[in-house]
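Asker: need a 3D model of the following:
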Amino acid sequence: MKNKKTIEKTSDKGGFTLVEIIVAVAILALMFSLALPEIFAHMPEFRINRVSSELKAQIRLARMKAMSEGVPAQVTFDNAEDEYSIWSDLDQNGATNDNELSTFDIEDSPGVGLHAYNGLTGRFKSDGFFEVDGSSLDLVWVRVNNPDIARYDFVVIWPSGQVSVYEYN
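Answerer: Here you go, the predicted structure:
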């Protein structure tokens, strides 16, 4: 007898059928459509969190810059325009140059407002401590809120230079 090597033909079904793909896409679309209203309902809270986090980060950066450069970093809040600015007089000439001033507005976060209490201008000294112009209390707290929801954050700049965020519902 001859020894024949036979090759068995096997069927490779290593994929999905069109029906399976359509069903999977339909299930995903249904799940997404059910989750979407919940995501949009939380958008005001997400915006408050983002503005609070950005404000905290920028203020901490101003403190670090004041300590590393050895020059004060001034923080000014404009309640009417919902913006704040940070100025470091790097060349120590008392005048504001383009590379020394950074202004941040929050208009890309609709509905979110800023309101500073206990002074609108303060500065980080080169030792990292914070002082407020025209106030015996060297503390500034900034309310970040959205009037459409009953939730707001307070960003607090302490005299020690530390920055904290407190959430209120």
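Asker: centre of the chain versus stretch 51-58, how much separation?
Answerer: Relative to its chain's centre, stretch 51-58 lies at 5 Å (CA atoms, centre = their mean, to the nearest Å).
Asker: got it, and stretch 159-169?
Answerer: 15 Å.
Asker: kindly report the same for stretch 130-142.
Answerer: Remark: stretch 130-142 is offset 24 Å from the chain centroid, using CA atoms, centre = their mean.
Asker: put the alpha carbons of that stretch into CSV.
Answerer: The C-alpha trace of stretch 130-142 is given here as CSV (Å, rounded to 0.1, in the frame of the first residue of the first chain):
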residue,chain,number,x,y,z
PHE,A,130,1.1,85.2,50.1
GLU,A,131,0.0,88.7,51.0
VAL,A,132,-3.2,90.6,50.0
ASP,A,133,-3.3,94.3,49.1
GLY,A,134,-5.5,96.3,51.4
SER,A,135,-6.4,93.6,53.8
SER,A,136,-5.1,92.6,57.2
LEU,A,137,-6.1,89.0,56.4
ASP,A,138,-3.6,87.6,53.9
LEU,A,139,-6.1,85.1,52.5
VAL,A,140,-8.1,85.1,49.3
TRP,A,141,-10.9,82.7,48.5
VAL,A,142,-12.4,82.5,45.0
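Asker: list the contacts of that stretch.
Answerer: Stretch 130-142 is touched from outside by 55, 63, 75, 77, 84, 114-125, 129, 154-161, with contacts defined as CB atoms under 8 Å, 6 or more residues apart in numbering. Any C-beta I mention is one placed from the backbone N, CA and C, and that applies to glycine too.
Asker: doesn't N145 make contact with Y152?
Answerer: Yes. At 3.6 Å, Y152 counts as touching N145 under the criterion of CB atoms under 8 Å.
Asker: common neighbours of those two, please.
Answerer: Once CB under 8 Å, 6+ apart is applied, the residues that Y152 and N145 both contact turn out to be I48.
Asker: which secondary structure state is assigned to the residue minimising distance to the centre of the chain?
Answerer: Note on the chain: the residue nearest the mean C-alpha position is R50, at 3.0 Å, using CA atoms, centre = their mean. What DSSP: H, G, I helix; E, B strand; the rest coil gives for R50 is helix.
Asker: and the pLDDT for the residue lying closest to G70 once chain neighbours are set aside?
Answerer: Distances taken as CB to CB, 6 or more residues apart in numbering place S126 nearest to G70, at 4.7 Å, with adjacent residues excluded. We have a pLDDT of 91 for S126.
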